[in-house]
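Engineer: A structural model of the following input is requested.
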Amino acid sequence: MKALSGSPEVRKSGSPVGAAQTVDNGGSQDADAKSTTLNHTDHETSGPPDFRTSGLIKSWLLATRPKTLAAGAVPVIVGTALGGTLVTVNWLAAMACLVGALLIQIGCNFANDAFDSIKGADTAARVGPQRAVASGLISARSMLLATAFVLVLAFLIGLYLSTIAGWPIFILGVISLICAVAYTAGPFPLAYVGLGDLFVLLFFGWAAVLGSAYVQAGPHIATQLIPFQFQLSGGWGPLLSFTNISTLDAVTLLAGMPMWWWLVATGVGLQATGIIAVNNLRDIATDTVAGKRTLAVRLGDPVTRFYIVLLHVAATVCLGLAAQHGGGGWLWLAPSIAGSGGLALLAGLMRTYGPALNGYLARSAALELITGLCLTAGLIISARHAL
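Structural biologist: Residues are numbered from 1 along each chain as shown. Prediction:
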């Protein structure tokens, strides 16, 4: 299409239509032929409205990076299941947590798409999946506006959740929104200084898993840790209102969560970190040129591969310890899947380079999803057996 619309050769003599029309009528017909060719080109470039619309929708879906959204969904699903081991699940709150987490991740992906293009980290030399802004499918301005829109929706959901679980969840949500943008933007972009992996562990592990569990099981934990204040306040809502709960009480509630819950959250976070580690392994060459000093760039290719091995081993160990301290039984299913699946993934990853790493990025996300679903199933079964 570029050749049709912008090539001097086509305008001069490359069009069969133009050649045919100049046989009988000379220069005037040649001019008409050029006009015909250019009009035909414009028609093909713009396309029918339905094709343009479907192409635009496809571009936006591409920008959400759907293959990696499991990293946002799994922690909430697991955290909700953890809370469900103590109380009856509030499904509306659970759905709000899930939608909010996905919106934050999509907002982070949109911001990443825009700012990586602006800063030159995403170029034509990129070996990863096509990026919407860098490829010209969506303008940087439109992407940034979409980022703001998506994060505002996430903020509104956070306001609703704060009416259920109080200001600690509100603060956690605000910090998550800020970091979603600060991942690639601002004076200290986390991904550009090697802190992207830590960001993923914190927010796609501890914050999302324990935050979702906190929304569900906060009342139960509160009655165990601060029963006197809970009784005086008359319930969960007033206890965790913006005025009634102290910072010390919030920390007490968080610290009062069972230790094996922290192990679960860590295991989930480490698997999510494995996804970004594979992504950054693939992009070492282009990130180095762009000055994006990810942890993979700092470590180099061989050490990064060893680091990914450690992430999966540590995730399996954490989930295994969680199963041991959480009552065993069906909880052993998750570490079994994490270990065997991680081993299969790493066996191929260690001898794969370049664009072929895209497949292992998707497999890393799939492994977290399968492990998370198995973990959720184990938690549900264990909770029912405990009744």
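Engineer: What distance do you get for the residue nearest to the spatial centre of the chain to L172?
Structural biologist: The centre of the chain sits closest to Q105, judged by C-alpha atoms, centre = their mean, with a distance of 4.2 Å. Distance, Q105 to L172, using C-beta to C-beta, to the nearest Å: 15 Å. C-beta: built from backbone N, CA, C; applies to glycine.
Engineer: buried sites along whichever strand or helix holds I337?
Structural biologist: Counting by DSSP states H and E, the element that carries I337 is helix 333-349. Neighbour-count burial for helix 333-349 flags 333-335, 337-339, 341-342, 345-346, 349 (criterion: 16 or more other C-beta atoms under 10 Å).
Engineer: ditto for stretch 81-93
Structural biologist: Buried residues in stretch 81-93, counted by 16+ other C-beta under 10 Å: 81-86, 89-90, 93.
Engineer: Which of these sits closest to G327?
Structural biologist: Nearest to G327 among these, counting by C-beta to C-beta, is T85 at 9.1 Å.
Engineer: Give me the pLDDT value at the closest one.
Structural biologist: On pLDDT, T85 comes in at 90.
Engineer: and the gap between it and P258?
Structural biologist: As judged by C-beta to C-beta, T85 and P258 stand 9 Å apart.
Engineer: What is the helix or strand that contains the residue nearest to the centre of the chain packed up against?
Structural biologist: Taking DSSP H and E as the criterion, the element that holds Q105 is helix 91-118. In terms of contacts (3 or more C-beta pairs under 8 Å, 6 or more residues apart in numbering; DSSP states H and E), helix 91-118 is packed against helix 49-63, helix 70-84, helix 140-165, helix 167-182, helix 208-225.
Engineer: Tell me which of those lies nearest to T316.
Structural biologist: Judged by C-beta to C-beta, the one of the helices and strands packed on helix 91-118 that comes nearest to T316 is helix 70-84, at 15.3 Å.
Engineer: other SSEs contacting that closest one?
Structural biologist: helix 91-118, helix 208-225, helix 259-282, helix 357-386.
Engineer: Do me a favour and average the pLDDT over the next helix or strand after the third one.
Structural biologist: Taking DSSP H and E as the definition, the helix or strand that follows helix 259-282 towards the C-terminus is helix 284-290. On average, the pLDDT along helix 284-290 is 89.
Engineer: Give me the contact list for helix 284-290.
Structural biologist: Residues outside helix 284-290 that contact it (C-beta atoms under 8 Å, 6 or more residues apart in numbering) are 116, 119-123, 125-127, 280, 293-294, 296-297, 300-301, 304.
Engineer: Number of residues surrounding M350?
Structural biologist: Residues lying near M350 (other C-beta atoms under 10 Å) number 13.
Engineer: now do the one 4 residues further on
Structural biologist: G354 is surrounded by 9 other residues when neighbours are defined as other C-beta under 10 Å.
Engineer: can you tell me which residues contact it?
Structural biologist: If you count contacts by C-beta under 8 Å, 6+ apart, G354 has them with 127, 282.
Engineer: For it, give its distance to I381.
Structural biologist: 42 Å.
Engineer: picking that back up, give me the buried positions along the helix holding Q105.
Structural biologist: Those would be 93-94, 96-98, 100-118, for helix 91-118 by 16+ other C-beta under 10 Å.
Engineer: That helix vs helix 208-225, what angle?
Structural biologist: Taking axes from the mean of the first three to the mean of the last three C-alpha atoms, to 10 degrees, one finds helix 91-118 and helix 208-225 inclined to each other by 140 degrees.
Engineer: by how many degrees do helix 91-118 and helix 70-84 diverge?
Structural biologist: Between helix 91-118 and helix 70-84, the angle comes out at 160 degrees (the same axes, to 10 degrees).
Engineer: so where's the stretch 151-300 of the chain shaky on pLDDT?
Structural biologist: Confidence mapping of the stretch 151-300 of the chain against pLDDT under 70 gives the ranges 222-252, 254.
Engineer: Outline the domain layout of the protein.
Structural biologist: Using automatic domain parsing, the domain parsing of the chain gives 2-46, 49-386.
Engineer: Tell me which of those domains sits most buried.
Structural biologist: Neighbour counts (mean count of other C-beta atoms under 10 Å) averaged over each of the domains of the chain peak at domain 49-386, with a mean of 19.
Engineer: returning to what we had before: okay, the helices and strands packed on helix 70-84 in a markdown table with distance to A148 next?
Structural biologist: A markdown table is the format used below for those (distance: least, C-beta to C-beta, whole Å):
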| stretch | distance to A148 |
| --- | --- |
| helix 91-118 | 8 |
| helix 208-225 | 22 |
| helix 259-282 | 23 |
| helix 357-386 | 26 |
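Engineer: These: which one's closest to L177?
Structural biologist: Of all these, helix 91-118 sits nearest to L177, with 6.5 Å by C-beta to C-beta.
Engineer: Distance from the closest one to the middle of the chain?
Structural biologist: The chain centroid and the centroid of helix 91-118 are separated by 7 Å, computed with C-alpha atoms, centre = their mean, to the nearest Å.
Engineer: Quick check: mean pLDDT of that helix?
Structural biologist: 93.
Engineer: next one: stretch 326-342
Structural biologist: Computed over stretch 326-342, the mean pLDDT rounds to 93.
Engineer: Show the contacting residues for the closest residue to P355 other than its chain neighbours.
Structural biologist: Spatially, and ignoring its direct neighbours in sequence, P355 is nearest to V127 (4.7 Å; C-beta to C-beta, 6 or more residues apart in numbering). By C-beta under 8 Å, 6+ apart, the contact list for V127 reads 282-283, 285-286, 354-355, 357-358.
Engineer: let's see 7 Å
Structural biologist: 282, 354-355 (C-beta atoms under 7 Å, 6 or more residues apart in numbering).
Engineer: what's the most distant pair in the buried residues of stretch 81-93?
Structural biologist: Maximum pairwise distance among these (C-beta to C-beta): 16.0 Å, between T85 and A93.
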